[in-house]
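**Q** Predicted structure and sequence below. I'll ask about it afterward.
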Amino acid sequence: MLITILQKRTLKIFSFFLTLTLAACSSNDKTKSIQNTDTPVLVTVATPSSGEQQSVAISGQVEASKSANISTRIMGYITMLKVKVGDHVNKGQLIATISNQDILAKRAQADAMINEAEASLKNAQKDYDRFSVLYQQQSATAKELDNVTLQLNSSKLRLEAEKQMRNEVNAQLSYTNLTAPFSGIVIQKLADAGSMASPGMPIVTIEQTGSYQVSASVPESNIKLINPGAEAILSISAIGKTIKGKVIQINQSSQFSGGQYIIKISIPDNDKNGLYAGMYVNVTIPLKQAAVASDGDKAEVLVPLASIENKDQLTGLYTISSNNTALLRWVRLGKTFGEKVEVLSGLEKHEQYIVSADGKLYNGAPVKIK
């Protein structure tokens with residue numbers, strides 16, 4: 001009887017463990033089945049470009065190709081200044097006037113002196129004509145004729161001097177009327193009517209409308225790569241516009257620009273609509289021949305910006321592990337060169353990384369190279 005009870009208990013325990021074993025096997029089979037259903041993500045891989053610089057990336061600003069500070073050459077009170085910032089002015093338009101009563105008085109004096117000199121010249125001419133006749137009649141001596149001749153020449157010179165003095169006064173008077181040297185927009189107003197104007201002190205600043213160009217700063221490490229006439233791609237985020245321009249000027253000195261070399265880039269006329277002076281521009285200048293790093297320089301490791309993953313404050317890119325799965329590698333980035341960025345650490349120049357994928361990538365996702 002006792003043996004029968006023990007056999008029944010043993011049978012129940014054996015059945016229990018058999019059930020657990022079958023359940024575990026079933027679970028493993030399901031896991032394997034699920035894993036087998038994960039299809040690898042097709043990816044495109046590449047190795048970083050190193051030792052070659054395909055372009056020069058710099059920043060600049062839109063500026064007017066022609067601007068002028070309107071000032072006067074004389075000191076006086078501003079009697080009229082009607083323009084304001086944003087006003088359009090035409091070439092030759094009167095912008096401001098300076099008090100000119102003292103100059104008008106000088107011109108009146110010059111006119112009086114001219115009248116006196118003209119009267120003296122007429123009298124000297126009469127004396128010369130009279131003594132010429134008397135000399136021919138031998139009624140006057142040669143000395144007397146020489147004296148009246150000298151008086152006539154002196155009168156002519158005096159009249160010419162008085163006229164030149166009036167020209168000088170007229171020139172000074174013209175400085176009291178300030179006009180626009182070209183058609184443009186008033187971008188700065190530095191004084192108001194009633195203020196004292198000093199010689200050389202700007203009163204307003206005018207920029208020529210529609211004549212825009214880009215001014216950009218180039219570091220000394222890249223200035224040797226840029227030549228006049230080189231194509232430049234201008235990206236203006238303020239208006240969402242990309243323009244192709246040309247390098248038209250390269251400053252050969254950086255003495256007065258903080259060690260940066262200033263270049264000027266032209267903008268085609270049909271792309272100037274919507275531009276305003278002062279807009280920031282990202283400038284990319286493609287190089288016809290890639291600049292190769294010298295033996296003493298460390299080669300740059302460049303990857304496309306599109307392959308970079310940003311999470312919180314970290315940046316990384318996907319690589320492929322030895323198990324053919326995606327592996328997110330955190331990297332430290334450096335300078336940006338157009339559509340590429342420099343990797344300072346986290347990726348070697350001969351390592352492969354994932355450029356693009358046909359599906360969503362995550363750590364551990366199975367991948368397959370196209």
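**A** Structure's in. What do you need? Numbering: from 1, shown residues only.

**Q** Helices of the chain, residue ranges please.
**A** 2-37, 101-136, 142-174 (DSSP state H).

**Q** Could you measure from the closest residue to Arg166 other than its chain neighbours over to Ile236?
**A** With Cβ to Cβ, 6 or more residues apart in numbering as the measure, Ala110 is the residue that lies nearest to Arg166, at 3.9 Å, once sequence neighbours are left out. To be clear about C-beta, it is placed using only N, CA and C from the backbone, and glycine gets the same treatment. Distance, Ala110 to Ile236, by Cβ to Cβ, to the nearest Å: 56 Å.

**Q** Check Gln188 too.
**A** Using Cβ to Cβ, one obtains 23 Å as the distance from Gln188 to Ile236.

**Q** Any stretches of the stretch 251-370 of the chain with poor pLDDT?
**A** 288-299, 337-338 (pLDDT under 70).

**Q** Quick one: neighbours of the closest residue to Leu327 other than its chain neighbours, just the number.
**A** Spatial nearest neighbour of Leu327, excluding adjacent residues (Cβ to Cβ, 6+ apart): Ser321 at 4.4 Å. Residue neighbour count, defined by other Cβ atoms under 10 Å, stands at 13 for Ser321.

**Q** Could you measure from Ser321 over to Lys91?
**A** Separation of Ser321 from Lys91 (Cβ to Cβ) stands at 70 Å.

**Q** Could you do Leu190 as well?
**A** On the measure of Cβ to Cβ, Leu190 and Lys91 end up 21 Å apart.

**Q** And for Glu220?
**A** Glu220 is 40 Å from Lys91, by Cβ to Cβ.

**Q** Would you confirm that Met225 contacts Leu287?
**A** Not quite, residue 225 is Leu, not Met. Yes. Between Leu225 and Leu287 a contact is recorded at 5.9 Å, counting by Cβ atoms under 8 Å.

**Q** hey, where'd the strands end up in the stretch 251-370 of the chain?
**A** Ranges of strands within the stretch 251-370 of the chain are 261-266, 280-292, 301-304, 309-311, 314-320, 326-330, 332-337, 340-345, 353-357, 367-369, based on DSSP state E, counting those that start in this stretch.

**Q** who's in contact with the third one?
**A** By Cβ atoms under 8 Å, 6 or more residues apart in numbering, the residues outside strand 301-304 that reach it are 48-50, 317, 337, 339-344, 347-349, 353, 355.

**Q** Check the last one too.
**A** For strand 367-369, contacts defined as Cβ under 8 Å, 6+ apart pick out 40-45, 320, 324-326, 354, 357, 361.

**Q** Buried residues in that strand, which are they?
**A** By neighbour count on 16 or more other Cβ atoms under 10 Å, the buried set for strand 367-369 is Val367.

**Q** now swap in the first one and tell me
**A** Judged by neighbour count (16+ other Cβ under 10 Å), strand 261-266 contains these buried residues: Tyr261, Ile262, Ile263, Lys264, Ile265.

**Q** returning to what we had before: of the contacts of strand 367-369, buried ones?
**A** With burial judged by 16+ other Cβ under 10 Å, the buried subset of these is Val41, Val43, Val45, Ile320, Thr325, Ala326, Ile354, Ala357, Leu361.

**Q** Quickly list what the second one is bridged to.
**A** Under the criterion DSSP bridges, Val43 forms beta bridges with Ala357, Ile369.

**Q** Nearest the middle, which residue of the protein would you pick?
**A** Gln61 (2.2 Å; Cα atoms, centre = their mean).

**Q** Kindly tell me how buried Met165 is, as a neighbour count.
**A** Neighbour tally, Met165, other Cβ under 10 Å: 16.

**Q** Quick check: it touching Ala110?
**A** Yes. Between Met165 and Ala110 there is a contact under Cβ under 8 Å: 5.1 Å.

**Q** Where do the domain boundaries of the chain fall?
**A** Taking automatic domain parsing as the reference, the chain has its domains at 41-53+298-369, 57-64+211-289, 67-99+176-207, 101-174.

**Q** quick one: Pro366 from Lys360, how far?
**A** From Pro366 to Lys360 the distance is 12 Å (Cβ to Cβ).

**Q** Please say which of the two ends up with more neighbours.
**A** The residue with more neighbours, out of Pro366 and Lys360, is Pro366; 13 against 8, by other Cβ under 10 Å.

**Q** which residue packs closest to that one, ignoring adjacent ones?
**A** Spatially, and ignoring its direct neighbours in sequence, Pro366 is nearest to Pro40 (4.2 Å; Cβ to Cβ, 6+ apart).

**Q** Go ahead and confirm the one you found touches Asn324.
**A** Yes. Judged on Cβ under 8 Å, Pro40 makes contact with Asn324 at a distance of 7.1 Å.

**Q** Touching both of the two, which residues are there?
**A** Counting by Cβ under 8 Å, 6+ apart, the contacts common to Pro40 and Asn324 are Pro366, Val367, Lys368.

**Q** Which residue comes closest to Pro202 once chain neighbours are left out?
**A** Per Cβ to Cβ, 6+ apart, closest to Pro202 is Asn69, 3.9 Å.

**Q** for the one you found, what are its contacts?
**A** For Asn69, the residues meeting the contact criterion (Cβ under 8 Å, 6+ apart) are Pro202, Val204, Thr205.

**Q** Let's have these in CSV, adding pLDDT and distance to Ser195.
**A** Listed next are these as CSV, based on pLDDT from 0 to 100; distance: Cβ to Cβ, whole Å:
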residue, pLDDT, distance to Ser195
Pro202, 93, 12
Val204, 95, 12
Thr205, 94, 16
